[in-house]
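**Student:** structural data only, the sequence is not supplied:
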(Lines give C-alpha, C1' and ligand atoms only; values in the text may rest on other atoms or scores of the structure.)
Protein backbone atom coordinates (compact mmCIF):
# COMPACT_ATOMS: atom_id res chain seq x y z
CA UNK A 1 0.00 0.00 0.00
CA UNK A 2 1.47 3.33 -1.02
CA UNK A 3 -1.01 5.59 0.80
CA UNK A 4 -4.66 5.88 1.75
CA UNK A 5 -6.95 8.57 3.10
CA UNK A 6 -10.32 8.49 4.80
CA UNK A 7 -12.98 10.62 3.15
CA UNK A 8 -14.95 12.49 5.83
CA UNK A 9 -17.73 15.05 5.99
CA UNK A 10 -16.71 18.42 7.32
CA UNK A 11 -18.52 19.54 10.43
CA UNK A 12 -19.72 16.10 11.47
CA UNK A 13 -16.44 14.28 10.87
CA UNK A 14 -18.48 11.35 9.56
CA UNK A 15 -16.36 8.89 7.59
CA UNK A 16 -18.01 8.27 4.23
CA UNK A 17 -15.31 6.30 2.42
CA UNK A 18 -11.67 5.77 1.61
CA UNK A 19 -9.26 6.35 -1.27
CA UNK A 20 -6.07 4.34 -1.70
CA UNK A 21 -3.03 3.97 -3.94
CA UNK A 22 -1.28 0.61 -4.15
CA UNK A 23 1.10 -1.48 -6.28
CA UNK A 24 3.22 1.58 -6.99
CA UNK A 25 5.80 0.85 -9.67
CA UNK A 26 8.26 3.74 -9.58
CA UNK A 27 10.54 2.19 -12.18
CA UNK A 28 7.77 2.20 -14.79
CA UNK A 29 5.88 5.22 -13.43
CA UNK A 30 2.48 3.89 -12.51
CA UNK A 31 0.27 2.88 -9.59
CA UNK A 32 -3.23 1.56 -8.97
CA UNK A 33 -5.93 3.57 -7.24
CA UNK A 34 -9.18 2.63 -5.58
CA UNK A 35 -12.10 4.37 -3.93
CA UNK A 36 -14.84 3.03 -1.73
CA UNK A 37 -17.77 5.24 -0.78
CA UNK A 38 -20.31 3.90 1.71
CA UNK A 39 -23.67 2.96 0.10
CA UNK A 40 -25.56 5.79 1.87
CA UNK A 41 -23.61 8.23 -0.30
CA UNK A 42 -23.98 6.49 -3.66
CA UNK A 43 -25.73 8.70 -6.17
CA UNK A 44 -24.44 11.88 -4.51
CA UNK A 45 -21.85 13.73 -6.57
CA UNK A 46 -19.70 15.45 -3.96
CA UNK A 47 -18.05 12.31 -2.47
CA UNK A 48 -16.59 11.57 -5.91
CA UNK A 49 -14.60 14.79 -5.69
CA UNK A 50 -12.39 13.02 -3.15
CA UNK A 51 -10.97 10.97 -6.02
CA UNK A 52 -10.24 14.15 -7.96
CA UNK A 53 -8.22 15.54 -5.06
CA UNK A 54 -6.52 12.19 -4.53
CA UNK A 55 -5.42 11.96 -8.16
CA UNK A 56 -4.16 15.56 -7.97
CA UNK A 57 -2.19 14.58 -4.88
CA UNK A 58 -0.66 11.49 -6.50
CA UNK A 59 0.45 13.34 -9.63
CA UNK A 60 1.81 16.23 -7.53
CA UNK A 61 3.75 14.18 -4.98
CA UNK A 62 4.88 11.16 -6.99
CA UNK A 63 6.52 10.88 -10.43
CA UNK A 64 3.75 8.72 -11.89
CA UNK A 65 2.99 8.97 -15.59
CA UNK A 66 -0.16 6.84 -15.35
CA UNK A 67 -2.69 5.66 -12.78
CA UNK A 68 -4.81 2.53 -13.14
CA UNK A 69 -8.14 1.61 -11.62
CA UNK A 70 -10.43 -1.39 -11.81
CA UNK A 71 -14.19 -1.49 -11.62
CA UNK A 72 -16.99 -3.91 -12.32
CA UNK A 73 -19.37 -3.18 -15.19
CA UNK A 74 -22.25 -2.30 -12.83
CA UNK A 75 -20.16 0.42 -11.16
CA UNK A 76 -18.69 1.66 -14.45
CA UNK A 77 -22.20 2.39 -15.69
CA UNK A 78 -22.53 5.03 -12.92
CA UNK A 79 -19.67 7.12 -14.28
CA UNK A 80 -19.70 6.24 -17.95
CA UNK A 81 -19.48 9.90 -18.97
CA UNK A 82 -15.91 9.92 -17.61
CA UNK A 83 -14.90 7.15 -20.00
CA UNK A 84 -13.21 8.58 -23.05
CA UNK A 85 -13.16 12.04 -21.48
CA UNK A 86 -10.88 11.09 -18.57
CA UNK A 87 -10.51 7.33 -18.24
CA UNK A 88 -9.35 5.04 -21.01
CA UNK A 89 -10.40 1.39 -20.93
CA UNK A 90 -7.20 -0.67 -21.02
CA UNK A 91 -8.63 -4.12 -20.51
CA UNK A 92 -11.70 -6.18 -19.73
CA UNK A 93 -12.02 -9.56 -18.06
CA UNK A 94 -15.42 -10.80 -19.18
CA UNK A 95 -17.76 -12.41 -16.67
CA UNK A 96 -15.01 -12.18 -14.06
CA UNK A 97 -16.87 -11.15 -10.88
CA UNK A 98 -20.01 -12.73 -9.40
CA UNK A 99 -22.38 -9.92 -8.33
CA UNK A 100 -26.05 -10.22 -7.34
CA UNK A 101 -26.50 -13.61 -8.96
CA UNK A 102 -24.67 -12.95 -12.23
CA UNK A 103 -21.14 -12.74 -13.57
CA UNK A 104 -20.09 -9.26 -14.68
CA UNK A 105 -17.04 -7.85 -16.45
CA UNK A 106 -14.06 -6.41 -14.58
CA UNK A 107 -12.73 -3.34 -16.40
CA UNK A 108 -9.24 -1.88 -16.05
CA UNK A 109 -9.03 1.84 -16.78
CA UNK A 110 -6.18 4.34 -16.80
CA UNK A 111 -5.50 8.06 -16.83
CA UNK A 112 -2.18 9.61 -17.83
CA UNK A 113 -0.65 12.67 -16.21
CA UNK A 114 -1.20 14.68 -19.43
CA UNK A 115 -4.81 13.59 -19.85
CA UNK A 116 -5.48 14.43 -16.19
CA UNK A 117 -3.98 17.91 -16.58
CA UNK A 118 -6.30 18.61 -19.53
CA UNK A 119 -9.30 17.33 -17.56
CA UNK A 120 -8.41 19.44 -14.51
CA UNK A 121 -8.19 22.57 -16.64
CA UNK A 122 -11.74 21.85 -17.84
CA UNK A 123 -12.93 21.29 -14.26
CA UNK A 124 -11.39 24.56 -13.09
CA UNK A 125 -13.06 26.41 -15.96
CA UNK A 126 -16.41 24.91 -14.87
CA UNK A 127 -15.79 25.99 -11.27
CA UNK A 128 -15.05 29.55 -12.37
CA UNK A 129 -18.23 29.65 -14.45
CA UNK A 130 -20.24 28.32 -11.51
CA UNK A 131 -18.75 31.00 -9.24
CA UNK A 132 -19.60 33.74 -11.75
CA UNK A 133 -23.17 32.42 -11.93
CA UNK A 134 -23.41 32.48 -8.14
CA UNK A 135 -23.49 28.70 -7.68
CA UNK A 136 -21.37 27.09 -4.98
CA UNK A 137 -18.97 24.64 -6.63
CA UNK A 138 -18.13 21.62 -4.52
CA UNK A 139 -14.91 21.92 -2.57
CA UNK A 140 -12.75 19.47 -0.67
CA UNK A 141 -9.54 19.95 1.23
CA UNK A 142 -6.85 17.49 2.24
CA UNK A 143 -5.86 17.30 5.90
CA UNK A 144 -2.49 15.60 5.47
CA UNK A 145 -1.79 15.39 9.20
CA UNK A 146 -4.79 13.16 9.74
CA UNK A 147 -4.94 11.37 6.34
CA UNK A 148 -8.42 12.76 5.71
CA UNK A 149 -10.20 14.35 2.77
CA UNK A 150 -12.87 16.77 3.98
CA UNK A 151 -15.64 18.59 2.19
CA UNK A 152 -15.11 22.32 2.66
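**Tutor:** Cool, got the structure. Just so it is clear, the structure is predicted and the values come from calculations on it, not from any experiment.
**Student:** give me the most central residue, the chain.
**Tutor:** Nearest residue to the geometric centre of the chain (C-alpha atoms, centre = their mean): residue 51, 2.9 Å.
**Student:** gap between that residue and residue 107?
**Tutor:** Per C-beta to C-beta, to the nearest Å, residue 51 is found 16 Å from residue 107. (C-beta placed from N, C-alpha, C; glycine too.)
**Student:** my read: residue 93 touches residue 106, true?
**Tutor:** Yes. With contact defined as C-beta atoms under 8 Å, residue 93 and residue 106 form a contacting pair (4.4 Å).
**Student:** neighbour count for those two, which is higher?
**Tutor:** residue 106 (17 against 13; other C-beta atoms under 10 Å).
**Student:** what's across from the more buried one in the sheet?
**Tutor:** Note on residue 106: beta-bridge partners by DSSP bridges are residue 72, residue 93.
**Student:** before we move on, what about residue 97?
**Tutor:** According to DSSP bridges, residue 104 are recorded as the beta-bridge partners of residue 97.
**Student:** that one touches residue 103, doesn't it?
**Tutor:** Yes. In terms of C-beta under 8 Å, residue 97 counts as a neighbour of residue 103; the distance is 6.8 Å.
**Student:** how close does the residue located most distally from the centre of the chain get to residue 95?
**Tutor:** Most distant from the centre of the chain: residue 101, at 27.3 Å, with distances by C-alpha atoms, centre = their mean. In this structure, residue 101 and residue 95 are 13 Å apart, going by C-beta to C-beta.
**Student:** overlap in contacts of these two?
**Tutor:** Residues touching both residue 101 and residue 95 (C-beta atoms under 8 Å, 6 or more residues apart in numbering): there are none.
**Student:** and the pLDDT for residue 27?
**Tutor:** For residue 27, the model assigns a pLDDT of 97.
**Student:** one more: residue 51?
**Tutor:** pLDDT for residue 51: 86.
**Student:** show me the strands in the protein, by range?
**Tutor:** Counting by DSSP state E, one finds strands in the chain at the ranges 3-8, 15-25, 30-37, 66-72, 88-99, 102-112, 140-143, 148-151.
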